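Chemist: Sequence and predicted model, in that order:
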Amino acid sequence: MGTVVDAVNKEANGSLLAEKKVTVVFVLGGPGSGKGTQCANIVQHFGFTHLSAGDLLRAEIKSGSTNGTMIQNMIKDGEIVPSEVTIKLLQRAMLESGNDKFLIDGFPRNEENRAAFESVTKIEPEFVLFFDCAKEEMERRLLNRNQGRDDDNIDTIRKRFMVFLESSLPVINYYNTKGKVRKIDAAKPIEEVFEDVKAVFLAHAKVVVA
């Protein structure tokens, strides 16, 4: 990391993606807001590729690569994985997918992530899909779901929610000033939420065609 070759690769990947004229939609929402379910629906109906920053990091760790070992050690030591590492994984996944429409889920997590993504990839999101849901409802969903996740206990859930508020809300506020945030009431039943999501994507498609 940090070598001249890395810098050249990073620049090349960024340029390639910018030249491809890719469409990126950031998907943000607190833990338990239903992002994953809705992303699957968007993929099925609108042909986007769903990229989860967390899934890409976990897959890299599982691969046993040098990069994966570095990521694992950082997480184990309680360190934050540098933005550029996550962005590199996102870039690679975007280039390998063959698609030109992407949902990036759970990223950017903070302002530093956001600025680094735009700087490295030369891409701004078309819009930001923000799943807005009351803390109490997200807690109820997470405690009820049976995914076998160790981090679904009440204290951890509340910590994750606080981290989301402190880190991600400034990102949402930033894009809101640019008129790019599409807020969805995620407390509704899944089907109703998707009707609202569909309306956002259909309206965007009309603008693009026009």
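Modeler: Great, that's in hand.

Chemist: ok, now which ones touch the residue nearest to Glu60 when sequence neighbours are not counted?
Modeler: Using C-beta to C-beta, 6 or more residues apart in numbering and skipping the chain neighbours, the partner closest in space to Glu60 is Gly68 (4.4 Å). Using the backbone N, CA and C atoms, a C-beta is placed for each residue, glycine as well. Contacts were defined as C-beta atoms under 8 Å, 6 or more residues apart in numbering; by that measure Gly68 touches Glu60, Ile61, Lys62.

Chemist: Which SSE is immediately downstream of the longest helix along the chain?
Modeler: Among all segments of the chain classified by DSSP state H, the helix with the greatest residue count is helix 154-177. Remark: after helix 154-177, the chain's next helix or strand is strand 181-185, criterion DSSP states H and E.

Chemist: So which residues make contact with that next one?
Modeler: 38, 127-133, 172, 175, 193, 196-197, 200.

Chemist: Now the two most distant members of those residues.
Modeler: Tyr175 and Val193 (20.1 Å; C-beta to C-beta).

Chemist: so where is the chain shaky, pLDDT-wise?
Modeler: 1-19, 145-153, 206-210 (pLDDT under 70).

Chemist: Tell me which residue is most central in it.
Modeler: In the chain, the residue lying closest to the centroid (C-alpha atoms, centre = their mean) is Asp105, at 2.3 Å.

Chemist: buried sites along the longest helix of the chain?
Modeler: Burial within helix 154-177, assessed by neighbour count using 16 or more other C-beta atoms under 10 Å, is assigned to Ile157, Arg160, Phe161, Phe164, Ser168, Val171, Ile172, Tyr174, Tyr175.

Chemist: just the strands in the protein please.
Modeler: Assignment of strands within the chain using DSSP state E yields the ranges 23-29, 49-52, 101-105, 127-132, 181-185.

Chemist: May I see the buried residues of the last one?
Modeler: This means strand 181-185. In terms of neighbour count (16+ other C-beta under 10 Å), strand 181-185 has its buried residues at Val181, Arg182, Ile184.

Chemist: What of stretch 120-131?
Modeler: For stretch 120-131, the neighbour count (16+ other C-beta under 10 Å) marks Val120, Thr121, Ile123, Pro125, Glu126, Phe127, Val128, Leu129, Phe130, Phe131 as buried.

Chemist: Export those residues as JSON lines, with columns for distance to Asn99.
Modeler: Formatted as JSON lines, the buried residues of stretch 120-131 follow (distance: C-beta to C-beta, whole Å):
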{"residue": "Val120", "distance to Asn99": "20"}
{"residue": "Thr121", "distance to Asn99": "15"}
{"residue": "Ile123", "distance to Asn99": "14"}
{"residue": "Pro125", "distance to Asn99": "16"}
{"residue": "Glu126", "distance to Asn99": "14"}
{"residue": "Phe127", "distance to Asn99": "18"}
{"residue": "Val128", "distance to Asn99": "19"}
{"residue": "Leu129", "distance to Asn99": "17"}
{"residue": "Phe130", "distance to Asn99": "23"}
{"residue": "Phe131", "distance to Asn99": "22"}
